[in-house]
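**Q** Sequence first, then the predicted structure:
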Amino acid sequence: MRTPRVPKLAAALAVAGLGLVAPLAAVPPARPPNVVIILADDMGWGDLGVFGNPTIRTPRLDRMAAEGQKWTSFYVGESVCTPSRAALLTGRLAIRSGLNPVDDERRVFYPDSTGGLPASEITIAEILRARGYATTAIGKWHLGHLPPFLPTAHGFDHYFGIPYSNDMEMIPVPGASFGGEDPKKRERMMNPRPEYWNVPVLRDDKVAERPADQSSITRRYTEEATRFIRENASRPFFLYLAHTMPHMPLFASPEFAGKSRRGRYGDVIEEIDWSVGQVLDTLRALSLDEQTLVVFSSDNGPWSLFDEQGGSAGPLRGAKGATFEGGMRVPTIFRWPGHVVPAVVADMGATMDLLPTLCALAGAPAPRDRILDGVDLSGTLLRGEPSPRQDVLYYRGPKVYALRHGPYKAHFFTKSEYGPDPEVAHDPPLLFNLDEDPGERFDVAARHPDVIAALRRIAAEHARTLGPVENQLTKRASP
Ligand code: MG
């Protein structure tokens, strides 16, 4: 475990009894860093100014990237909400916790789901709470909404938020057919009002509001977040702020609605940028900048079913729901002034790496009794070392659809994000060099049989690490 630089220096000077300590005297005793994880929902790789968006204004995230590390090859554990979030919080692929979809029918938890993240899983919050952190979850959870599965059962002292997706529980639309594709339902998604949905807001494990007033939800999550920071300024804290937006339906506060050049989607992203600014301003006002690691990312790529109200994956191919880069590579920023070395990092990282990384930074032991799929990125963050992550597995439900090793990515299977078309098996796999061809346009399989053989070996080795697990997504209340 590496002690943060400034406190170590202050301690050394204090021990030496030097008169130099005056400027450092205000440095508090070494304590593990505060951790803030801000997660957007369905935000694409290309939706931030600093990731190249031409019209959405994100000055706070742009500055956060300049002050910290912008990771351009950062991945989620799966390209839809539930398994992605399970992977982030446990440091493990969702197939190990049973939160992987078994088919395309139920890829996430729904209001009639009775499963959730098992108590046997260890979350970042549980690890940090055991290390003395105050912990809170604000926003979307989507790892089970019944009491045994809520944040308060998984290491968070408190929870405030919409426990699953904001488009669930649509109030029945007269004359609309069952299923999501009905034009009347689509009309409501594209021109939403809060009363069209009956989603709850929970406070801890109780319903505090129903239907959720989604038009103010980003602002209220932000107020909860800054209050939590102020109330816990004197001890280590972990804030998991998982915005409901920009998942469809899109809602922005009056201060942001109609203001961006990118339409409703841009309004929502610009409000999230404001929210990030509120969190950073609060940290600065409390002199916590140099004691707080802030991470910003997204749970999966943009939802492409809703035309211009979906986000953008920028130069990447594909979107949420599938295993091309656009579905699984997300815009990610780390900031910790005085500690995280400012850089643009093109090496691979993943949301699953947060758990082992935070264990290292907080001086907490990582779980040893189970397989972790995450790796410790602290060397890259603090010292600019190459990322230790060598591979990325692209799961779709129970199957490894694709695998990246170094610059090469092999697609063994492909399937469109949500269409009814069947899965396509590729033998030989499609092979792309992502460093040279991030848009996955030029298949180089014929030139690299050796690379394909190596990637097949890695996939086979991975398969041997899997054991039987009870699936949680198939559990539902009988109708
Ligand atoms: Mg999502």
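**A** Alright, I've got the coordinates. Residues are numbered from 1 along each chain as shown.
**Q** chain center to the helix or strand encompassing L88: distance?
**A** Using DSSP states H and E, L88 sits within helix 81-90. On the basis of CA atoms, centre = their mean, to the nearest Å, helix 81-90 is displaced by 8 Å from the centre of the chain it belongs to.
**Q** what comes up buried for it?
**A** C81, T82, P83, S84, R85, A86, A87, L88, L89, T90 (16 or more other CB atoms under 10 Å). C-beta here means a position set from N, CA and C on the backbone, and glycine is covered the same way.
**Q** Tell me if I'm right that the last one and E126 touch.
**A** No - T90 is beyond contact range of E126, at 9.7 Å (criterion: CB atoms under 8 Å).
**Q** ok so, going back, output the contacting helices and strands for the helix holding L88.
**A** strand 34-40, helix 94-97, helix 124-130, helix 354-362 (3 or more CB pairs under 8 Å, 6 or more residues apart in numbering; DSSP states H and E).
**Q** ok, back up a step: just put the buried residues of helix 81-90 in a markdown table and tack on pLDDT and distance to the ion.
**A** As requested, the buried residues of helix 81-90 are arranged in a markdown table below (pLDDT from 0 to 100; distance: CB to the ion, whole Å):
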| residue | pLDDT | distance to the ion |
| --- | --- | --- |
| C81 | 98 | 4 |
| T82 | 98 | 9 |
| P83 | 98 | 10 |
| S84 | 98 | 7 |
| R85 | 98 | 8 |
| A86 | 98 | 12 |
| A87 | 98 | 12 |
| L88 | 98 | 11 |
| L89 | 98 | 14 |
| T90 | 98 | 17 |
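**Q** quick one: which two of those residues are the most distant?
**A** C81 and T90 (14.8 Å; CB to CB).
**Q** got the contact list for H158?
**A** T135, T136, A137, P151, T152, D204, F228 (CB atoms under 8 Å, 6 or more residues apart in numbering).
**Q** repeat that for 10 Å
**A** Shown in contact with H158 (CB atoms under 10 Å, 6 or more residues apart in numbering): A134, T135, T136, A137, I138, P151, T152, R203, D204, E224, F228.
**Q** repeat for R188
**A** Shown in contact with R188 (CB under 10 Å, 6+ apart): D167, M170, I171, V173, A176, D182, Y196, W197, P249.
**Q** Turn these into JSON lines, including distance to the ion, neighbour count and pLDDT.
**A** Listed next are the contacts of R188 as JSON lines, based on distance: CB to the ion, whole Å; neighbours: other CB atoms under 10 Å; pLDDT from 0 to 100:
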{"residue": "D167", "distance to the ion": "11", "neighbour count": "19", "pLDDT": "95"}
{"residue": "M170", "distance to the ion": "17", "neighbour count": "17", "pLDDT": "93"}
{"residue": "I171", "distance to the ion": "22", "neighbour count": "10", "pLDDT": "94"}
{"residue": "V173", "distance to the ion": "24", "neighbour count": "14", "pLDDT": "89"}
{"residue": "A176", "distance to the ion": "24", "neighbour count": "17", "pLDDT": "84"}
{"residue": "D182", "distance to the ion": "22", "neighbour count": "14", "pLDDT": "88"}
{"residue": "Y196", "distance to the ion": "20", "neighbour count": "19", "pLDDT": "96"}
{"residue": "W197", "distance to the ion": "16", "neighbour count": "23", "pLDDT": "97"}
{"residue": "P249", "distance to the ion": "14", "neighbour count": "24", "pLDDT": "97"}
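**Q** Next to the ion, which bits of the stretch 51-200 of the chain? Give me the list.
**A** Selection of the stretch 51-200 of the chain residues close to the ion by CB under 5 Å from the ion yields C81.
**Q** which residues of the stretch 51-200 of the chain fall in strands?
**A** Secondary structure of the stretch 51-200 of the chain (DSSP state E, counting those that start in this stretch): strands located at 69-75, 134-139, 158-161.
**Q** So which of those strands is nearest V294?
**A** Among the strands of the stretch 51-200 of the chain, strand 69-75 sits nearest to V294 (CB to CB), with 11.2 Å.
**Q** For that closest one, name the packing helices and strands.
**A** Packing contacts for strand 69-75, counted by 3 or more CB pairs under 10 Å, 6 or more residues apart in numbering; DSSP states H and E, involve helix 59-67, strand 292-298, helix 325-328, strand 332-335, strand 343-350, helix 378-383, strand 391-396.
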